[in-house]
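>>> dropping a prediction and its sequence here:
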Amino acid sequence: MSKPVHPATVHFPIAFLSLSYGLDILHSLRGNLPNALINALPPSTDLTRASYYLLSLGLITAIPAVVTGGGEAVKMFSKQGMYEADGKTLKTKSKATIAHAVTNDLVLAASTYVWWTRRQQANDTLAGKLGVGSLSTSEAAYTPQVWQVIVEVLALGLLFFGASIGGALVYNYGVGFAPASKSAKKSQ
């Protein structure tokens, strides 16, 4: 029996996306931070550029997580079914799986839109129009707009909520582990 791949693929998108959102939030709060902290931070151009590329990496590394998660959910539903014995009531594990997928899909959809609008914003700068390398593009090209930071704050909360549901699926319901003994199966 093969081991599930999905749990191994989720760490990179969670890390990259949360760090990207965190850098944008930090950048937007920069004017309200104590000087000691501001002096310890990299320049704004570095923060905004790093957050953009981390967002890109988060979206790219989310592809294997989505594909493997969807595949493993389909396998789980086909082997164990989605409904209780009455045929009408969704199993708690099925509800959690669907909530996990929908929550993370919302995060990825919002993040993709933020990435796309930031990409358009960078392309609209003079450096972007001239095709100058992205490393020399000004801060304004990658600085998130206020609405983008608000979306990222919401996405960060949803990201952690979705990850929490995934953790509950693994640790509370045994999703992704080898089949349990017969006595454990009866209790589910």
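Yep, it's here.
>>> mind listing what Ser18 touches?
Residues in contact with Ser18 (CB atoms under 8 Å, 6 or more residues apart in numbering) are Leu156, Leu159, Phe160. C-beta coordinates here come from the backbone N, C-alpha and C atoms, glycine included.
>>> state the helix or strand in which the second one lies.
If I follow you right, that is Leu159. Using DSSP states H and E, Leu159 sits within helix 146-171.
>>> that helix - contacts with which helices or strands?
Contacts defined by 3 or more CB pairs under 8 Å, 6 or more residues apart in numbering; DSSP states H and E place helix 146-171 against helix 11-29, helix 92-123.
>>> got the angle for it vs helix 92-123?
Helix 146-171 and helix 92-123 are oriented at 150 degrees to each other (axes from the mean of the first three to the mean of the last three CA atoms, to 10 degrees).
>>> for helix 146-171, which residues meet the burial criterion?
148-149, 151-152, 155-156, 158-159, 162-163, 165-166, 168-169 (16 or more other CB atoms under 10 Å).
>>> how far away from the center of its chain is the lengthiest helix in the chain?
Scanning the chain for the helix with the most residues, using DSSP state H, yields helix 44-80. Distance of helix 44-80 from the chain centroid (CA atoms, centre = their mean, to the nearest Å) equals 6 Å.
>>> what about the helix holding Leu159, distance to the chain center?
That offset, for helix 146-171, works out to 7 Å (CA atoms, centre = their mean).
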